[in-house]
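Student: The sequence and its predicted three-dimensional model are supplied below.
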Amino acid sequence: MKVINIEGVEAEVEQGGTRLRVRADFVEDVNVGDYVLVHAGFVIQKLDENEALETLRLLEMLGMGVQSTPVAEG
Amino acid sequence: MRWVSEFRDGSIAKLILERINELAEHECTLMEVCGTHTMAIARFGIRQVLPKSIRLVSGPGCPVCVTTQSDIDRFISIGQIDGVVLATFGDMVKVPGSKISLRDARAHGIDVRVVYSPFEAVELARQMPNRKVVFVSIGFETTTPGIALAIMQAEKERLRNFFIYPANKLVPPAMKALLSFDDVCVDGFICPGHVSTIIGTRPYEPIATDYGKPCVIAGFEPLDILQAVFMLLMQIRYGQAKVENQYRRVVRPEGNEAARKAIYEVFEPNSVEWRGLGLIECSGLKLRSKYEHFDALLNFDVQVPPTSEHPECQCGRILRGAAVPTDCPLFASACTPEHPIGPCMVSSEGACAAYFRYREVSLS
Amino acid sequence: MHELIKLVFLPAFANEMLSPLSDSAIGNFDGYKIAITTDAFVVSPIEFPGGDIGKLSVCGTVNDLSVAGARPIWLCASFIVEEGLPIETLERIANSMRHAAIEAGVSIVAGDTKVVGKGACDKLFIVTSGVGVVQADLNAKHIREGDVVIVNGYVGDHGIAVMSKREGLGFETEVESDCAPLWSLVESLLYGCKTLRCLKDPTRGGLATALHELAEAASVCIEIDEDAIPIRPSVLTACELLGIDPLYVANEGKLVAIVSRDEAEVALSIMRSHPLGKHASIIGRVIAEPKGQLVIRTTIGSRRLVEPFSGEQLPRIC
């Protein structure tokens, strides 16, 4: 979900027009515009957009049968 | 929807299934250890489109299902004590105790409130100073940080009418424990995405190195799960056993330090009973002495008669992957979502609920 | 609840008009085919984005008649009012009933009001009955293998709009109830389609329950494609937050139409040219096996059963 505003640990996130108030105690420097993973009312991690794009690239390569080396660990 | 729809693309999924088919030669059993994975696999019908040689089984990944019968009976009896208000997540309400479920107990007058977060339970305690609010504290490493924070808040406000029934559990110890059962055979683990967001990748290392089981942390969309299956098959094909992270867009190797700090500020590991797995070392969480006054078990003593479970219910074996719901004689006949017998049918993330709700139909 | 109907009420009132348990009962009277229906409305909260219990009670009754192929003519409404409900609220609700009745072309010809003590009911309950003149013989028995399934727009709007106004769920959304009287849409379908087999309004229990009931009544299998079902991203997100499947969420301005394959495009264009069918889509087809079941083809090409709604997933939505 996407952060649309944040004050201290109180954040508001949105996806597809639906908004949710959550707490961001467990993730530092959450900013408006960040995509975050939310679980049971808490932000538990920021989504890394480069890693997301990298995963999609690997998926496409895998789909085309390009023998991808096993994904780097961790 | 950004960063969701891209990972549900049916055309890429079909291509990856072709790659998986090329790799899958001999029989192998892969276990997912997270209720959210159990539901996603059933909802997207992934089991059906995988090659027949790949068997997907569910592990102890649903926090409601792994709660033992005696814990359920005990917190129901606490709920029956005068002045007690029992606050719980929705799924727990329907789980059958030996005699009655919370929902039936509610019909007989005990005060049960469904909450969506532990902070709502603390709020109940604030609003009702003359009542004793007991929060049924279940969940794995993903839910526990929020519970810990709520307890610290209750401590700060000196709320003496707020308690928790401690039943939080840790996933990696259970994964190791189930490998010691001789009726369990697992060739690789699809590791839980949310839990790993908190604990990172390192806690699974012993499972890969000491037990030789490939582990891949996966996200929850179809492409995530299919890619994780492919990565597991690659490891099996090349005789490897290591921890890989498919859900790299969210899970960092070091996990979420702040969340773990909150857990271990309030709780410390102890040995607890799991349904279907028995007693497991360092697999539970009990309140540290500084927060012991919140422990419902120390504040309410209730005698709980020996538990009784339906003799034919297979939830115990299903929870450790020794059986699948369709192996159970009660499945979809005596045991349905409307008249559930075992917790795996009651909980919205239970394996039996997933199998029942999303039953496969032949591809012809 | 289904058991309650089968175990208690059906044996007590058994007659051939009642036994099909369809949205409206149809009988012959002096050469006219008359449809009659009744509904109870207990939605909470009683006012929600896109409507209120008053508009809902008129639309729900009109739609039950319309999907039976009957032009709604008369409505009755009984009100059970909790002591202390502000008059202004009742006036707002009566006013929205008036507008809905005008839009649907029906008159509210009779009614009753009972005030009950505080706590005896939750603000306001409305019970309605409706009479219509049957214009076409729509029946699940007409469904044939190869027919096409069409829905007239986005699913799940009503249920999520109501849920979003309940405290404790913590999410907000711009989604409005799709509550609307469907007779004019049905009329244009009846006029333009020769092979319209039957219609159904997917209210409580959602699209899944409505289609499952049709498949059972016609002892065919209905197969739908997950990717073809129109769902707003905001509704899909809300459902995922609540852990529920949008196929089970209530709608109050939707219908599913079963029509022959040859006339599918005709029916689709009729719907899309009507204000209540702008987002109509073909979502599936009728096949032979497995009989009496609803099957979904998922985004990754697997096929699985869709069970009818069971349990109390979304209480007091209609």
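Tutor: Perfect, I can see it now.

Student: near chain C, which residues of the stretch 1-150 of chain B show up?
Tutor: When proximity is defined by C-beta under 8 Å from any C-beta of the partner chain, the stretch 1-150 of chain B lies next to chain C at B:1, B:8-10, B:13-14, B:17, B:42-46, B:48-49, B:115-116, B:120. All C-beta atoms are positioned from the backbone trio N, CA, C, and that covers glycine.

Student: Show the buried residues in the residues you listed.
Tutor: Buried members of those, scored by 16 or more other C-beta atoms under 10 Å in any protein chain shown, are B:1, B:8-10, B:13, B:17, B:42-46, B:48-49, B:115-116, B:120.

Student: Give the closest residue to C:A161 in space, chain neighbours not counted.
Tutor: Here the nearest residue to C:A161 in space, its sequence neighbours aside, is C:S177; by C-beta to C-beta, 6 or more residues apart in numbering or on different chains that works out to 4.3 Å.

Student: Next, B:R106: phi, psi?
Tutor: Main-chain dihedrals, B:R106, degrees, to the nearest 10: phi -60, psi -40.

Student: ok, now how distant is the one residue in chain A that gets nearest to chain B from B:L226?
Tutor: Relative to chain B, the nearest point of chain A is A:G63 (3.3 Å; C-beta to the nearest C-beta). Distance check for A:G63 against B:L226: by C-beta to C-beta, to the nearest Å, it reads 10 Å.

Student: Can you give me every residue that contacts the residue most central in space within chain A?
Tutor: Closest to where the C-alpha atoms of chain A average out (C-alpha atoms, centre = their mean) is A:L47, at 2.3 Å. Listed by C-beta atoms under 8 Å, 6 or more residues apart in numbering or on different chains, the contact set of A:L47 reads A:34-37, B:3, B:249-250.

Student: now do B:D71
Tutor: B:D71 neighbours (C-beta under 8 Å, 6+ apart): B:165, B:167, B:273.

Student: Shouldn't it be within a helix?
Tutor: Yes - the assignment for B:D71 (DSSP: H, G, I helix; E, B strand; the rest coil) places it in a helix.

Student: how close does it get to chain A?
Tutor: Distance, B:D71 to chain A, using C-beta to the nearest C-beta, to the nearest Å: 20 Å.

Student: closest point of chain C to chain B, which residue?
Tutor: Counting by C-beta to the nearest C-beta, chain C gets nearest chain B through C:S302, at 2.8 Å.

Student: Ramachandran angles for that residue?
Tutor: According to degrees, to the nearest 10, C:S302 has phi -90, psi 160.

Student: Do I have it right that it meets B:F44?
Tutor: Yes - with contacts counted by C-beta atoms under 8 Å, C:S302 reaches B:F44, the gap being 7.0 Å.

Student: What's the local residue count around A:E12?
Tutor: Residues lying near A:E12 (other C-beta atoms under 10 Å in any protein chain shown) number 17.

Student: Poorly predicted segments of the stretch 201-318 of chain C, please.
Tutor: By pLDDT under 70, the low-scoring segments of the stretch 201-318 of chain C are C:311-315.

Student: Residue numbers of it in contact with chain B?
Tutor: C:227, C:233, C:236-237, C:243, C:245, C:290, C:293, C:295, C:298-305, C:307, C:310-311.

Student: run the last query once more with 10 Å
Tutor: Proximity of the stretch 201-318 of chain C to chain B is confined to C:221, C:223, C:226-227, C:233-234, C:236-237, C:240-245, C:289-290, C:293-307, C:310-313 under the rule C-beta under 10 Å from any C-beta of the partner chain.

Student: Show me where chain A has its strands.
Tutor: A:2-7, A:10-15, A:18-23, A:36-39, A:42-46 (DSSP state E).

Student: Check which residues of the third one are buried.
Tutor: In this case it means strand A:18-23. Result for strand A:18-23 [16+ other C-beta under 10 Å]: buried residues A:18-20, A:22-23.

Student: tell me the mean pLDDT over that strand?
Tutor: Here strand A:18-23 scores 92 as its mean pLDDT.

Student: and it, what does it pack onto?
Tutor: strand A:2-7, strand A:10-15, strand A:36-39, strand A:42-46, strand C:171-173, helix C:233-242 (3 or more C-beta pairs under 10 Å, 6 or more residues apart in numbering or on different chains; DSSP states H and E).

Student: Enumerate every residue touching the closest residue in space to B:V272 that isn't next to it in sequence.
Tutor: With C-beta to C-beta, 6+ apart as the criterion, B:V272 has its nearest non-adjacent residue at 2.9 Å, and that residue is B:G284. Neighbouring residues of B:G284 by C-beta atoms under 10 Å, 6 or more residues apart in numbering or on different chains: B:166-170, B:173, B:267-274.

Student: Look up phi and psi at B:G284.
Tutor: Dihedral angles (degrees, to the nearest 10) for B:G284: phi -120, psi -180.

Student: Direction included, what does the helix or strand harbouring B:V134 pair against?
Tutor: Per DSSP states H and E: B:V134 is located in strand B:132-139. Using DSSP bridges, strand B:132-139 pairs in its sheet with strand B:84-88 (parallel), strand B:162-168 (parallel).

Student: could I get the ones you listed as JSON lines with mean pLDDT and mean neighbour count?
Tutor: Converted to JSON lines, those look like this (pLDDT from 0 to 100; neighbours: other C-beta atoms under 10 Å in any protein chain shown):
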{"stretch": "strand B:84-88", "mean pLDDT": "95", "mean neighbour count": "24"}
{"stretch": "strand B:162-168", "mean pLDDT": "97", "mean neighbour count": "24"}
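
Student: With distance to B:H26 as new columns, can those be given to me in TSV?
Tutor: Below are the strands paired with strand B:132-139 laid out as TSV (distance: least, C-beta to C-beta, whole Å):
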stretch	distance to B:H26
strand B:84-88	45
strand B:162-168	39
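
Student: C:N152 is nearest to which of those strands?
Tutor: strand B:84-88 (40.2 Å; C-beta to C-beta).

Student: gap between that closest one and the chain center?
Tutor: 21 Å (C-alpha atoms, centre = their mean, to the nearest Å).

Student: Quick one: end-to-end distance for stretch B:242-259.
Tutor: 25 Å (C-alpha to C-alpha, to the nearest Å).

Student: check whether that stretch contacts chain A.
Tutor: Yes - residues of stretch B:242-259 contacting chain A under C-beta under 10 Å from any C-beta: B:242-259.

Student: Can you say which of the residues you listed are buried?
Tutor: Using 16+ other C-beta under 10 Å as the burial test, the residues of stretch B:242-259 next to chain A include B:242-252, B:255-256, B:259 as buried.

Student: Please name the residues that touch the closest residue to C:L241 other than its chain neighbours.
Tutor: Distances taken as C-beta to C-beta, 6+ apart place C:F171 nearest to C:L241, at 5.5 Å, with adjacent residues excluded. Shown in contact with C:F171 (C-beta under 10 Å, 6+ apart): A:13-14, A:18-21, B:116, C:160, C:163-164, C:234, C:237-238, C:241-242.
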